[in-house]
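In: dropping the sequence and predicted coords here.
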Amino acid sequence: MRPPRHLSLSLSLALGLASPLALAQGAPAAPAAAPAPASAAAPQKAAAGSPRSQSAGAPQPARQRARKPKPKPKDAQADLTGRPVATFPGFRMLPTGGSRVFVQIHGGKVDVAESKAAGRLVYRMKGAGAIQTNRFPLVTSFFATPVTQVQLVDQGNDLDMVIELRAQTDATYRVIETDQGMVLQVDFPASLPAQSAAAQAGAPRQRAVRRTISQESEQRDESSGDL
């Protein structure tokens, strides 16, 4: 008797699936992959002295320390606490044709010592000081005076007023006491005799002009009163 058609198809499908499964179970297991050689697995050793060896094995050099900021200079005024201070060095021409160098000292009175050298006069004010802006040189060479430059210079706890001269000349100094402290004045004669003579001759003319102006004003006042 012949089997039904659908039964034969089921048997053929079962036999087709069983054959690959039997082959897979009967075949020997594939060998495990051999481990890679140590030379291939480990990284290649870098040559000694190369940058790579230094970065890998050699100790890293310490980082450069950050530079400390430079300390700021102390305020010049802070060092003058409790000390007399030279606040205003100056120069002026005198009506007689001479000239005067002066410096004001605030905060007390100090002793003054004079010293002379070739082309220079120095007046040391003991215990005094000066702020930075008053230490710049005062140039007077464009005036008709033997003085070419005046400068205040620190000398430890003292202060020097250095006067540079274009020619040796006589000078007289005096100290004037004030309510705030003192004033040091150094007077110089006219650098040329003609300048002194011209200044003295001009003084009477100036006085005459002042008298004329005062007389005219008096006359105008009288005329206005009469009206």
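Out: Structure received. If you're wondering where the values come from, they're calculated on a predicted model, not measured in any experiment.
In: give me the low-pLDDT residue ranges for the protein?
Out: For the chain, the stretches with pLDDT under 70 are 1-66, 68-79, 192-227.
In: repeat the analysis, applying 50 as the threshold.
Out: Applying pLDDT under 50 to the chain flags residues 23, 40-41, 73, 75-78, 194-199, 209, 212-213, 227.
In: hey, C-alpha coordinates of stretch 144-153 in PDB?
Out: Taking C-alpha atoms only, stretch 144-153 is exported to PDB below (Å, rounded to 0.1, in the frame of the first residue of the first chain):
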ATOM      1  CA  ALA A 144      70.500 134.500  33.900                       C
ATOM      2  CA  THR A 145      71.800 132.800  37.000                       C
ATOM      3  CA  PRO A 146      74.900 130.900  38.000                       C
ATOM      4  CA  VAL A 147      72.600 128.000  39.000                       C
ATOM      5  CA  THR A 148      72.100 125.400  36.300                       C
ATOM      6  CA  GLN A 149      70.200 122.700  38.200                       C
ATOM      7  CA  VAL A 150      68.700 121.900  41.700                       C
ATOM      8  CA  GLN A 151      67.800 118.500  42.900                       C
ATOM      9  CA  LEU A 152      66.800 116.800  46.200                       C
ATOM     10  CA  VAL A 153      68.800 113.600  46.900                       C
END
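In: name the residues of that stretch that are buried.
Out: T145, P146, V147, T148, Q149, V150, Q151, L152 (16 or more other C-beta atoms under 10 Å). For the C-beta atoms, the positions are set from N, CA and C on the backbone; glycine is no exception.
In: list the contacts for the last one?
Out: Shown here is L152, whose contacts under the criterion C-beta atoms under 8 Å, 6 or more residues apart in numbering are A86, P89, V103, A130, N134, R135, L159, D160, M161, V162.
In: for the residues you listed, which one is nearest Q180?
Out: Nearest to Q180 out of the contacts of L152 is A86 (C-beta to C-beta; 12.0 Å).
In: counting neighbours, what do you get for the closest residue to the closest one other than its chain neighbours?
Out: Using C-beta to C-beta, 6 or more residues apart in numbering and skipping residues adjacent in sequence, the residue nearest A86 is A130, 4.2 Å away. Residues within reach of A130, counting by other C-beta atoms under 10 Å, total 25.
In: and the gap between A130 and E177?
Out: Distance of A130 to E177, given as C-beta to C-beta, to the nearest Å: 19 Å.
In: touching, the residue nearest to A86 and Q151? I think so.
Out: No - the pair A130 / Q151 is not scored as a contact, 10.0 Å apart, by C-beta atoms under 8 Å.
In: tell me what V162 is bridged to.
Out: For V162, the beta-bridge partners are V122, Q151 (DSSP bridges).
In: that one touches Q151, doesn't it?
Out: Yes - in this structure, V162 is within contact of Q151 by C-beta under 8 Å, at 5.2 Å.
In: quick revisit: shared neighbours, A130 and Q151?
Out: Counting by C-beta under 8 Å, 6+ apart, A130 and Q151 have no common neighbour.
In: what's next to stretch 171-180, contact-wise?
Out: Contacts for stretch 171-180 (C-beta under 8 Å, 6+ apart): 104, 106-107, 109, 112, 114, 121, 123, 163, 182-188.
In: quick one: buried residues of stretch 171-188?
Out: A171, Y173, G181, M182, V183, L184, V186, D187, F188.
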